[in-house]
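> pasting the structure only:
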């Protein structure tokens, strides 16, 4: 802050020095009759002027911007209108001080005006007290103000980058909600994620401020409030998704797996790329890799059951074996309704994977539906028909040790319900 | 760019799974060289005594490596921690196991299995034991169990006995005792 203040002072000094001609001036000696005004220390005011006179070596009129509540008003842009009607822009610094340089004698009155939004407009001719020369004091009338703060959510999460437009009378303020950022201590700060704020200055508490929130893919959200009724709390707003996606993504990737209630478990990874045929963008083609775990129960006759009256009754032993098969191959998909619809999309398709174990290509049709979780992530529920062969090991009981096996190709048909997560990009 | 990287990675893993997948059942085993079937959990045979049904004498089976002297219709008892399928056999020669099966099964002269029925009782410290009398089993000739005839008492000589059991599916021998020698006088 101190550095910024110094830069402002140096900038003002540089611009004023161009107008200033060097001349010898008598420096006023400290005087006990020097002005004495509440918030301003007379000695500091005198020192300020003395330093300027020494620096520019010309006539200097200093001044202070104050509020009617006797507080220092800082960084107020001012316009000095000279006797010939020429306007010169000046500004008070971070201590509320300003100065005007004169080539010749300081006039008996100066015309100053300001139009800072925080204060009532000020336009007045001030009489300069010369014996001794005293600083000018501009008494500004503050306007009412509120700091309007809001946070925008999408679902339960704060939303960054939402366009915010705040309109108050003829003033329009545009901004975006904040993102996370690295703060001064190099921490990743998400405290203000999805927030916006704006100072509103007004004269009447019955003024209305309207806020408009907009983001691509969401319904616009508008609300208004009376400034006098705003209590300073954060205004929470929630954006609702549009019925349709703002734009259809070109590709998507999905990971599906079978619900655990089924006798086979499938883990499937799909990649699709949209294919636009004329104006129809419902076709997609891609590749699919999957593994299928099949549980096969095998039962075998073991020892004879002597407890039974039937001589051919045996004790049967059964157990489950798990077989893993892998598939990889092309797949096509067609959307039965508008794929840009967020709430419920229906699709059908056909996979043509090559099975590495059976060394065959199979045809697996599927029918699914999609529910979007946000703009590009969706939940899939898919019904998939599988038919495949496994070389199942069938045991033959050995009363003197481990069973021997013979292998038999066994055909399986499965209708699986898979759930999955899709990411579009 | 991040998405593309994820896609390549996912495709690589799916290819890896597909190529490395095999359709062999998964097995696990333990190893104990002192057991008849070394890849099995031990069937514990504690000290016990029995009354021989032929001569009504009481014989002791000791849990040590010393050859016991038993009657001609011995009784067998072990801690019942085995599964549903278990068998006990008497052989004239020490049984040899290679690749998970007894290679000289022709030496077996008497056998009992769970299809023949047995008695179980609870021991003094709450353990459940399975007890099989000689008459509950059957003689074996050339690996054939003679189900239709009552077992013939053992003649004098050196014999060996052991217990082994299978997993739930009857595929692998996963329980086994040590092979015990005994003498019939």
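Here it is on my side, so go on. As the structure is a prediction and not an experimental result, all values here were calculated from the model.
> pLDDT below threshold where in chain B?
Residues of chain B meeting the criterion pLDDT under 70: B:1-29, B:123-124.
> mind running it again at 50?
Across chain B, the stretches falling below the confidence threshold (pLDDT under 50) are B:1-2, B:18-19, B:21-28.
> Name the spans of chain A whose pLDDT lies under the cut-off.
Low-confidence regions of chain A, defined here as pLDDT under 50, cover residues A:1-2, A:6, A:10-34.
> could you show me where the helices are in it, in order?
Along chain A, counting by DSSP state H, helices occupy A:2-17, A:42-56.
> residue nearest the centroid of chain B?
Per C-alpha atoms, centre = their mean, the C-alpha nearest to the average position across chain B is that of residue B:164, at 0.4 Å.
> you'd agree that one is in a strand?
Yes. Looking at residue B:164 with DSSP: H, G, I helix; E, B strand; the rest coil, it is inside a strand.
> measure the residue nearest to it when sequence neighbours are not counted to residue A:79 for me?
When the adjacent residues along the chain are set aside, residue B:164 lies closest to residue B:176, with 4.5 Å between them (C-beta to C-beta, 6 or more residues apart in numbering or on different chains). Placement of C-beta: from N, CA and C, glycine included. Distance from residue B:176 to residue A:79, counting by C-beta to C-beta, to the nearest Å: 105 Å.
> neighbour-wise, which of the two wins?
When residue B:176 and residue A:79 are compared on other C-beta atoms under 10 Å in any protein chain shown, the one with more neighbours turns out to be residue B:176, at 23 against 16.
> hey, what's that one bridged with?
Here residue B:176 sits in beta bridges with residue B:42, residue B:164, going by DSSP bridges.
> ok, it touching residue B:34?
No. Here residue B:176 lies out of contact with residue B:34, judged by C-beta atoms under 8 Å, at a distance of 9.6 Å.
> Find residues that contact each of the two.
The contact sets of residue B:176 and residue B:34 overlap at residue B:42 (C-beta atoms under 8 Å, 6 or more residues apart in numbering or on different chains).
> Was I right to think residue B:48 contacts residue B:61?
Yes. Between residue B:48 and residue B:61 there is a contact at 5.3 Å, judged by C-beta under 8 Å.
> who touches both of the two?
With C-beta under 8 Å, 6+ apart, residue B:48 and residue B:61 have common neighbours residue B:77.
> Near residue B:83, how many residues? Count them for me, please.
Each residue near residue B:83 was counted by other C-beta under 10 Å, and the total is 16.
> secondary structure element for it?
Using DSSP states H and E, no element contains residue B:83; it sits outside every helix and strand.
> Would you mind giving both backbone torsions of residue B:172?
For residue B:172, the backbone dihedrals (degrees, to the nearest 10) come out as phi -130, psi 140.
> if I look at it, how far off is chain A?
In this structure, residue B:172 and chain A are separated by 5 Å, where distance is defined by C-beta to the nearest C-beta, to the nearest Å.
> how about the residue lying closest to that residue once chain neighbours are set aside, what does it touch?
Leaving aside its chain neighbours, residue B:172 sits nearest to residue A:402 (5.0 Å; criterion: C-beta to C-beta, 6+ apart). Taking C-beta under 8 Å, 6+ apart as the contact definition, residue A:402 lies against B:99-101, B:171-173.
> Same check on residue A:292?
In this structure, residue A:292 makes contact with A:264-266, A:324-327, A:386, A:388, judged by C-beta under 8 Å, 6+ apart.
> cool, residue A:316 as well?
The contact partners of residue A:316, taken as C-beta under 8 Å, 6+ apart, are A:299-302.
> and chain B, which of the residues you listed contact it?
Checked against chain B using C-beta under 8 Å from any C-beta of the partner chain, the contacts of residue A:316 give the following subset in range: A:300, A:302.
> which among the contacts of residue A:316 gets closest to residue A:353?
Here the nearest of these to residue A:353, counting by C-beta to C-beta, is residue A:299; it sits at 30.8 Å.
> mind listing what that closest one touches?
A:316-318.
> Flag every residue of the stretch 101-250 of chain A that's near chain B.
Residues of the stretch 101-250 of chain A lying near chain B by C-beta under 8 Å from any C-beta: none.
> How about the stretch 101-250 of chain A: which residue is closest to chain B?
In the stretch 101-250 of chain A, the residue found nearest to chain B is residue A:249; the distance is 10.1 Å by C-beta to the nearest C-beta.
> hmm, back to that, what's the spacing between the residue nearest to residue B:172 and residue A:314?
Using C-beta to C-beta, residue A:402 is found at 18 Å from residue A:314.
> sorry, back to before: most neighbours out of the contacts of residue A:292, which is it?
Counting by other C-beta under 10 Å, top hit in the contacts of residue A:292: residue A:327 with 28 neighbours.
> Name the nearest residue to it, sequence neighbours excluded.
On the basis of C-beta to C-beta, 6+ apart, the spatially nearest residue to residue A:327 that is not a chain neighbour turns out to be residue A:353, at 3.5 Å.
> and residue B:80, what does it touch?
Residues counted as contacts of residue B:80 (C-beta under 8 Å, 6+ apart) are B:120, B:127-130.
> From residue A:194, how far off is it?
Distance of residue B:80 to residue A:194, computed by C-beta to C-beta: 67 Å.
> repeat for residue A:162
7 Å.
> Just confirm residue A:160 contacts residue A:194, I think it does.
Yes. Between residue A:160 and residue A:194 there is a contact under C-beta under 8 Å: 5.8 Å.
> Give me the more crowded residue out of the two.
For residue A:160 and residue A:194, the more surrounded residue by other C-beta under 10 Å is residue A:194, and the numbers stand at 23 against 18.
> how about the more buried one, phi and psi?
The phi/psi pair for residue A:194 (degrees, to the nearest 10) is phi 80, psi 10.
> Residue A:76 is in contact with residue A:115, isn't it?
No. Between residue A:76 and residue A:115 there is no contact under C-beta under 8 Å: 9.8 Å.
> Between these two, point out the one with more neighbours.
residue A:76 (23 against 13).
> contacting residues around that one?
When contacts are taken as C-beta under 8 Å, 6+ apart, residue A:76 is in contact with A:65, A:91-92, A:96, A:98, A:114, A:116, A:119, A:138, A:140.
> Equivalent analysis for residue A:321, please.
A:295-298, A:392-393, B:25.
> List the ones among these that fall in strands.
Using DSSP state E to define strands, the subset of these located there is A:295-298, A:392-393.
> I'm done for today, thanks for sticking with me.
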